[in-house]
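Novice: quick check, what structure comes out for this input:
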Amino acid sequence: MNKETIFFKKWLEDLDNEKFYYFARNFLPLVTTPYNQIEVSEQLVSFFLNEENSNTMLSTIDEIDSLLIALFHITGGAKSSDILKLLRPFEKATNTEDNNFTFYTYFNNNPNIEEFDYVEIIDHISSLAKRMIILSRNGGFFLNPIFGEKLLNRASLLPFIEVGLKDKDYFENRNYISSELLRGYFSIMKINQTLTLNQKKNMLPPLFPTYEADDIIAISDIIDKMLLDLNIFTPFDSVEYELLQNLIDLSDFELSILLIANSISPIFETENSTFKFAAELLRYSLTIKCFSKTSFVLLIEALSIKYSVAVDDSFIQNLIDLKIFNKTKHGYFISDIQTKKDISETLVFDTDLSVRYLGGRAKGDILWRFTQLSSLDTQTIYQLTKEDFRDALDSLLKKDDVYNYVIKNSFSGVNCPALKYLDLVERQYSQISIYDGIVIKGNERVATILSSHPDLQVHIISKLSDNIFLMRRDTESDWTRIIETAGLLVPRRKGDIIQSDTFFTNEQWRVGKGYHLKPEQLGLIHKISQLSLNENIDMAVFTNPLAQKTFSSKKMKIAIELLDCRKEEKDDLKSRLSLCMIINKSQLAAPQILDTNISASGFDYRRKVNVFKMASKAAGTIVKIGYMKHEFLMVVDKVKTLGNNEYNVEARRLPTLEPVDLPINKIFFVKITNYITD
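Specialist: Have a look, this model is predicted:
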């Protein structure tokens with residue numbers, strides 16, 4: 001038994017007795033009580049494993065079934081109410097002449113599929129469930145895995161999804177927020193806390209010439225917000241370069257996941273499901289490319305149901321603002337987002353100290369740390385300056401790492417002119433040391449204690465002279481307590497107390513202040529990087545033609561008529577045959593009534609009244625009615641006497657539960673239904 005078969009068998013065994021017996025008696029008509037549920041489950045599994053039965057069952061799928069199967073698959077187990085929301089069956093409304101009832105026209109704006117209504121959708125969902133083509137779990141439905149790929153081949157969203165490059169305005173737009181754009185943006189923001197609007201207007205357009213000026217300014221605002229949400233700069237001078245490198249190392253696909261998730265909810269409150277939602281939306285979109293408005297909304301809402309992600313009306317506009325998607329008069333298309341990191345090509349170090357390359361850079365590339373962007377275009381150019389190299393050294397980037405990087409990535413290696421320049425800058429830089437801390441001056445006894453006490457060593461930044469020490473500012477309360485425990489009395493500080501927020505070279509100060517990669521930040525990047533593009537998506541549901549029902553019931557109808565059984569049993573068999581629940585003559589072996597037909601129609605007015613009265617006695621009973629050439633589902637509340645042998649029915653119409661008060665003499669038929677819709 002494969003895992004799909006085992007799952008189906010376990011699902012059957014977990015059913016309550018009423019549902020299990022209903023399925024068992026329909027497909028295995030000889031089942032009687034008492035019965036062994038495990039043994040009967042094995043018989044049901046064998047029935048569906050039979051290739052002839054399986055193929056016949058799949059041949060009962062029609063166009064609407066095909067659409068519903070695709071939606072249940074994409075949503076990963078939606079409720080019937082979710083499917084109704086996706087299909088938006090309430091597009092237009094027309095009141096009756098007497099204004100006491102409202103008719104709805106359903107999805108008749110799509111020429112690729114016949115008009116269908118709410119009742120028809122519910123009928124099909126219930127029929128799929130009764131045929132066990134879909135299985136219920138936690139109030140929702142998913143595809144029966146025992147049919148395997150054959151069932152997916154019968155699924156189709158083709159009427160609602162425009163596939164391929166159909167948008168006349170489509171072009172391969174690469175002006176989105178890429179990791180290369182982040183690399184360049186971070187290279188000019190290493191020291192600045194933020195750029196003012198005027199600085200952005202003057203600085204950014206020349207650096208990013210392929211972007212419109214307004215677009216790159218808007219993008220910079222999005223990046224600034226993301227950095228703020230990620231808590232990277234507190235203050236900005238204490239940049240967490242490790243996390244910035246992690247962001248740059250994301251592929252464009254992964255970075256887009258992060259941006260989409262951040263537009264939905266605060267980033268550190270974001271559940272894994274939100275990242276998965278964003279990833280799957282991107283996967284489908286990169287394959288489909290272009291969407292009509294209807295199809296784009298359908299895909300977003302289907303995936304939001306699957307991952308329980310709340311998206312509001314502003315979500316699509318957010319996607320456009322992020323430059324991940326583009327809007328045209330024909331619909332929406334996704335930017336040409338790159339899914340893998342580029343392999344680093346050899347850098348060209350020119351004599352003017354510019355650094356050029358084509359394409360992108362691989363993970364871990366540190367060029368942005370000691371240079372500054374000059375132009376991000378077809379060819380990307382960075383400029384090496386002494387200020388940027390100084391800032392890199394200040395940020396604890398080791399000079400040997402920079403030297404080795406230049407040697408490895410340049411044509412000339414150790415003879416690269418940039419190395420000589422960097423060596424000159426480093427010698428100038430190393431001639432001065434600046435520390436931030438608290439100076440302690442004491443006598444020889446104090447100096448001896450400070451120099452020799454083991455618990456004080458981590459608090460000493462530097463010994464400036466024999467009796468003068470520079471102590472860490474951030475751990476002042478700790479080292480003063482240690483000194484006083486050693487028998488000294490620490491006086492109040494003399495002179496002005498300078499609280500500096502400037503970043504200096506002391507790593508202990510930086511870590512002590514908490515400016516280091518935090519577990520939640522590291523976990524966030526890990527989540528994103530785990531969402532590989534290699535996960536499968538089932539594009540078949542978008543490209544399959546609508547399924548055509550090929551099941552023929554003629555021979556079955558004749559066989560039912562020839563049975564020696566009661567009329568009620570024949571009627572029940574015919575009813576189940578019309579719902580495609582009977583597909584094999586073996587199911588006719590022992591006629592029995594599964595769905596009692598409680599209905600009335602035509603001119604049998606008294607029986608219609610009695611059916612409504614019967615429905616009103618059991619709370620939640622659903623009836624199907626025919627009224628003014630339309631079919632509706634209602635929950636009956638009560639039957640009201642008007643006198644002169646006239647009756648009205650008070651009910652709530654599904655799915656809106658709007659109250660209705662209808663004269664029974666205008667209702668053509670009524671039937672108490674037996675739906676499986678959850």
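Novice: please, where are all the helices along the stretch 201-350 of the chain?
Specialist: Applying DSSP state H, counting those that start in this stretch to the stretch 201-350 of the chain gives helices spanning 213-229, 241-249, 252-264, 272-288, 293-306, 315-321.
Novice: deepest of these, which one?
Specialist: Ranked by mean neighbour count, the helices of the stretch 201-350 of the chain are led by helix 252-264 with a mean of 24 (mean count of other Cβ atoms under 10 Å). Backbone N, C-alpha and C define where each C-beta goes, glycine included.
Novice: centroid-nearest residue for this protein?
Specialist: F277 (0.8 Å; Cα atoms, centre = their mean).
Novice: show the contacting residues for it.
Specialist: Neighbouring residues of F277 by Cβ atoms under 8 Å, 6 or more residues apart in numbering: 264, 303-304, 306-307, 309.
Novice: how about it: what's its closest non-neighbour residue?
Specialist: Y307 (4.0 Å; Cβ to Cβ, 6 or more residues apart in numbering).
Novice: next: G626.
Specialist: Closest to G626 by Cβ to Cβ, 6+ apart is F668, at 4.0 Å.
Novice: now for the host helix or strand of the one you found, which elements pack on it?
Specialist: Assigned by DSSP states H and E, F668 falls within strand 667-672. If contacts are counted by 3 or more Cβ pairs under 8 Å, 6 or more residues apart in numbering; DSSP states H and E, strand 667-672 sits against strand 599-601, helix 605-617, strand 622-627.
Novice: the stretch 351-500 of the chain: strands as residue ranges?
Specialist: 354-358, 372-376, 379-383, 438-441, 460-463, 468-471 (DSSP state E, counting those that start in this stretch).
Novice: I'd like the ones you listed as CSV, with mean neighbour count and distance to D14 appended.
Specialist: Converted to CSV, these look like this (neighbours: other Cβ atoms under 10 Å; distance: least, Cβ to Cβ, whole Å):
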stretch, mean neighbour count, distance to D14
strand 354-358, 16, 59
strand 372-376, 20, 57
strand 379-383, 18, 59
strand 438-441, 16, 69
strand 460-463, 16, 66
strand 468-471, 18, 68
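Novice: turn the ones you listed into CSV, including distance to D321 and mean pLDDT.
Specialist: Shown next, in CSV, are the strands of the stretch 351-500 of the chain (distance: least, Cβ to Cβ, whole Å; pLDDT from 0 to 100):
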stretch, distance to D321, mean pLDDT
strand 354-358, 29, 93
strand 372-376, 20, 96
strand 379-383, 25, 95
strand 438-441, 48, 87
strand 460-463, 46, 90
strand 468-471, 49, 91
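Novice: what residue spans form the domains of the protein?
Specialist: Listed domain ranges for the chain are 1-26+34-46, 179-334, 348-429, 438-499, 556-588, 599-672 (source: automatic domain parsing).
Novice: weakest of those domains in terms of mean pLDDT?
Specialist: For the domains of the chain, mean pLDDT drops lowest on domain 438-499, to a mean of 81.
Novice: now find how far off-centre that domain is within its chain.
Specialist: Mean C-alpha position of domain 438-499 versus that of the full chain (Cα atoms, centre = their mean, to the nearest Å) differs by 54 Å.
Novice: what of stretch 581-599?
Specialist: Here stretch 581-599 is found 43 Å from its chain centre; the criterion is Cα atoms, centre = their mean.
Novice: still on that earlier bit, can you lay out the strands of the stretch 351-500 of the chain as CSV showing distance to T60?
Specialist: CSV is the format used below for the strands of the stretch 351-500 of the chain (distance: least, Cβ to Cβ, whole Å):
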stretch, distance to T60
strand 354-358, 57
strand 372-376, 57
strand 379-383, 59
strand 438-441, 83
strand 460-463, 80
strand 468-471, 83
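Novice: out of those, flag the one nearest I219.
Specialist: strand 372-376 (11.7 Å; Cβ to Cβ).
Novice: keeping just the C-alphas, turn stretch 596-612 into CSV.
Specialist: Extracted in CSV, the C-alpha atoms of stretch 596-612 (Å, rounded to 0.1, in the frame of the first residue of the first chain):
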residue,chain,number,x,y,z
THR,A,596,-35.3,9.8,1.4
ASN,A,597,-37.0,11.9,-1.2
ILE,A,598,-39.1,14.4,0.7
SER,A,599,-40.4,16.8,-2.0
ALA,A,600,-43.4,18.3,-3.7
SER,A,601,-43.9,20.1,-7.0
GLY,A,602,-46.5,21.2,-9.5
PHE,A,603,-50.0,21.7,-8.3
ASP,A,604,-49.8,19.5,-5.2
TYR,A,605,-50.2,22.5,-3.0
ARG,A,606,-51.1,20.6,0.2
ARG,A,607,-48.0,18.4,0.0
LYS,A,608,-45.7,21.5,-0.6
VAL,A,609,-47.1,23.0,2.6
ASN,A,610,-46.5,19.8,4.5
VAL,A,611,-42.9,19.6,3.2
PHE,A,612,-42.2,23.1,4.5
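Novice: what residues does it touch?
Specialist: Against stretch 596-612 from outside (Cβ under 8 Å, 6+ apart): 568, 571-572, 575, 614, 623, 626, 636, 639, 647, 649, 664-665, 667-672.
Novice: any quick ChimeraX command for the buried ones out of those?
Specialist: Only the buried entries of the contacts of stretch 596-612 go into this ChimeraX selection, using 16 or more other Cβ atoms under 10 Å:
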select :572,575,623,636,639,647,649,664,667,668,669,670,671,672
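Novice: taking the contacts of F277, tell me the two that lie furthest apart.
Specialist: Between all members of those, the farthest pair (by Cβ to Cβ) comes out as I264 and K306, at 14.5 Å.
Novice: burial check on L157, number of neighbours?
Specialist: L157: 24 surrounding residues under other Cβ atoms under 10 Å.
Novice: now find how far off-centre stretch 640-655 is within its chain.
Specialist: 47 Å.
Novice: and the residue nearest to the centre of the chain, how far is that from L594?
Specialist: Distance, F277 to L594, by Cβ to Cβ, to the nearest Å: 40 Å.
Novice: likewise for L87?
Specialist: Using Cβ to Cβ, one gets 29 Å for the distance from L87 to L594.
Novice: so between the two, which is more surrounded?
Specialist: Neighbour count, other Cβ under 10 Å: between L87 and L594, L87 has more, with 20 against 17.
Novice: do I have it right that that one meets I121?
Specialist: Yes - L87 is within contact range of I121, at 6.6 Å (criterion: Cβ atoms under 8 Å).
Novice: ok, residues contacting stretch 243-257?
Specialist: For stretch 243-257, using Cβ under 8 Å, 6+ apart, the contacting residues are 176-179, 182-183, 186, 230, 232, 258, 275, 278-279, 282, 322, 324, 337-341, 363-366, 368, 517, 521-522, 525, 528-529, 531, 533.
Novice: of those, buried ones?
Specialist: For the contacts of stretch 243-257, a burial check counting by 16+ other Cβ under 10 Å picks out 176-179, 182-183, 186, 230, 232, 258, 275, 278-279, 282, 322, 324, 337-338, 341, 365-366, 368, 521, 525, 528, 531.
Novice: for the stretch 351-500 of the chain, which segments count as helices?
Specialist: 367-370, 386-394, 399-409, 417-429, 444-452, 476-485.
Novice: isn't Y647 up against V639?
Specialist: Yes - using Cβ under 8 Å, Y647 is in contact with V639, at 5.6 Å.
Novice: which neighbours do the two share?
Specialist: With Cβ under 8 Å, 6+ apart, Y647 and V639 have common neighbours 609, 612, 664.
Novice: distance to I69 added to those, as CSV?
Specialist: Conversion of the shared contacts of Y647 and V639 to CSV gives the following (distance: Cβ to Cβ, whole Å):
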residue, distance to I69
V609, 39
F612, 35
I664, 38
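Novice: which of the helices of the stretch 351-500 of the chain is buried the deepest?
Specialist: By mean count of other Cβ under 10 Å, the helices of the stretch 351-500 of the chain have helix 367-370 as the most buried, with a mean of 24.
Novice: please export the C-alpha coordinates of that one as CSV.
Specialist: C-alpha atoms of helix 367-370 as CSV (Å, rounded to 0.1, in the frame of the first residue of the first chain):
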residue,chain,number,x,y,z
LEU,A,367,32.9,45.2,-2.3
TRP,A,368,30.2,47.5,-1.0
ARG,A,369,31.9,47.6,2.4
PHE,A,370,34.9,49.6,1.3
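Novice: with that, I have no additional questions.
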